[in-house]
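> What would the 3D arrangement of this be:
(3 chains)
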Amino acid sequence: MKYWLMKSEPSEVSVEDVLAMPNQTVEWFGVRNYQARNFMLREMQVGDGVLFYHSSCAQPGIVGVARIARAAQPDMTQFDPESHYFDPRSSADKPRWFCVAVKVERKTRCLDLVTLRRDPDLAQMRVLAKGNRLSITPVAAVEWERILAYLGVDWETL
DNA sequence: GCCAACGTTGGC
DNA sequence: GCCAACGTTGGC
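Numbering: from 1, shown residues only, chains lettered A, B, ... in the order given. Purely as a prediction, here's the structure:
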């Protein structure tokens, strides 16, 4: 089992928005970066743990715990000329972009960036690396466990 | 709104 | 394949 941190802008899809969706599950549409796509396409497995992160907002940070609910499938927004995420280079028989489905298990208090940066044990987190812009980053098991302990979440009994 | 950092594009 | 120009991300 692997662990991930996935960023979403709350003005687009917040953790509260996902909790209001059927099965508290959302298609992770809109990823247009190959590294992030490849994580979804090649490395994520159903059941993997996810830290739900709010970005581009007043208080960026981890706001929930989730899991991968469905393997990668073509991201339908790439085919929709009306969509902000439309990609004219994609076609139905040759999709370029994919998305997994993510089920939110718990909304948590916001573990904000400042707090994350203060913990030397989390200093190696990919999301905290200087210049990181990846919207999906792997999380080490020790980092995952530390963060869940911070949040008071017991993954095994969710 | 600024801007550092990084990814992508496209001419050569 | 190189790399300059451009676009995007995302914290501040």
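> Could you report the neighbour count for the residue lying closest to A:W28 once chain neighbours are set aside?
Spatial nearest neighbour of A:W28, chain neighbours left out: A:C99 (4.4 Å); criterion: CB to CB, 6 or more residues apart in numbering. For glycine as for every other residue, the C-beta is placed from the backbone atoms N, C-alpha and C. For A:C99, the count of nearby residues is 22 (other CB atoms under 10 Å).
> name the element A:C99 belongs to?
According to DSSP states H and E, A:C99 maps onto strand A:98-112.
> Are the next helix or strand after that strand and DNA strand C in contact anywhere?
Later in the chain than strand A:98-112, the nearest helix or strand by DSSP H and E is helix A:113-118. Yes: judged by CB under 7 Å from any atom of the strand, helix A:113-118 and DNA strand C are in contact via A:113-114.
> which residues touch helix A:113-118?
A:60-62, A:122-123, A:125, A:127-128 (CB atoms under 8 Å, 6 or more residues apart in numbering).
> mind listing what the strand holding A:C99 pairs with, with the direction of each?
Using DSSP bridges, strand A:98-112 pairs in its sheet with strand A:25-27 (antiparallel), strand A:61-74 (antiparallel).
> need the ones you listed in CSV with distance to A:V18, mean neighbour count and mean pLDDT, can you?
As requested, these are exported to CSV (distance: least, CB to CB, whole Å; neighbours: other CB atoms under 10 Å; pLDDT from 0 to 100):
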stretch, distance to A:V18, mean neighbour count, mean pLDDT
strand A:25-27, 5, 18, 98
strand A:61-74, 8, 20, 98
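> right, is the host helix or strand of A:N38 up against DNA strand C?
Assigned by DSSP H and E, A:N38 belongs to helix A:34-38. No: judged by CB under 7 Å from any atom of the strand, helix A:34-38 stays clear of DNA strand C, getting no closer than 8.7 Å.
> Now do that helix: everything it contacts.
Taking CB under 8 Å, 6+ apart as the rule, helix A:34-38 contacts A:31, A:97-98, A:134-136.
> got a list of what whatever residue of chain A ends up closest to DNA strand B touches?
Using CB to the nearest atom of the strand, A:G131 is the residue of chain A that sits closest to DNA strand B, at 2.0 Å. By CB under 8 Å, 6+ apart, the contact set of A:G131 is empty.
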